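S.K.: got a sequence here, can you model it:
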Amino acid sequence: MATAQISVEARVAAGVDHLDRTLGVDWPHRVDVDDLPFRDVISQLYGDFFSWRSRERWSDGSVFAAGFDAPSLDGVPELTREWTRRINALQAARPAA
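M.R.: The predicted structure follows:
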């Protein structure tokens, strides 16, 4: 299935699942939603999006499918809104470490 056909909600859910597996469930407390999209989720957690992507060897399709980037600038506002919504909900539901 092409990335454009996957809902933003499903893409962000995939990103949340990845971060839960790799960083543990307290990662949402390390993200400042007021700083999105100026510093995306990955940059806030790993320091630099492009270095992380290169180090982890993520393809364009994988990055888009996990909701870590939008296929175009037009998609950034919707992606930012969904990450903000999900992180706010996770911060409220999960106690800080």
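S.K.: just checking, Ile42 touches Trp52?
M.R.: Yes: the pair Ile42 / Trp52 is scored as a contact, 5.4 Å apart, by CB atoms under 8 Å. C-beta coordinates here come from the backbone N, C-alpha and C atoms, glycine included.
S.K.: find me the pLDDT at the residue nearest to the spatial centre of the chain, would you?
M.R.: The residue lying closest to the centre of the chain (CA atoms, centre = their mean) is Phe68, at 4.3 Å. Looking at Phe68, its pLDDT is 95.
S.K.: list the residues that contact it.
M.R.: Going by CB atoms under 8 Å, 6 or more residues apart in numbering, Phe68 touches Gly15, Asp40, Val41, Ile42, Phe49, Trp58.
S.K.: so which of those residues are in helices?
M.R.: Mapping these onto helices (DSSP state H) picks out Gly15, Val41, Ile42, Phe49.
S.K.: want to try a markdown table for these, with distance to Val31 and pLDDT as columns?
M.R.: Converted to a markdown table, those look like this (distance: CB to CB, whole Å; pLDDT from 0 to 100):
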| residue | distance to Val31 | pLDDT |
| --- | --- | --- |
| Gly15 | 11 | 97 |
| Val41 | 6 | 96 |
| Ile42 | 10 | 96 |
| Phe49 | 13 | 93 |
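S.K.: using PyMOL, define a selection of the buried residues within those.
M.R.: Typed into PyMOL, the next command selects the buried ones out of these (criterion: 16 or more other CB atoms under 10 Å):
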select buried, resi 15+41+42+49
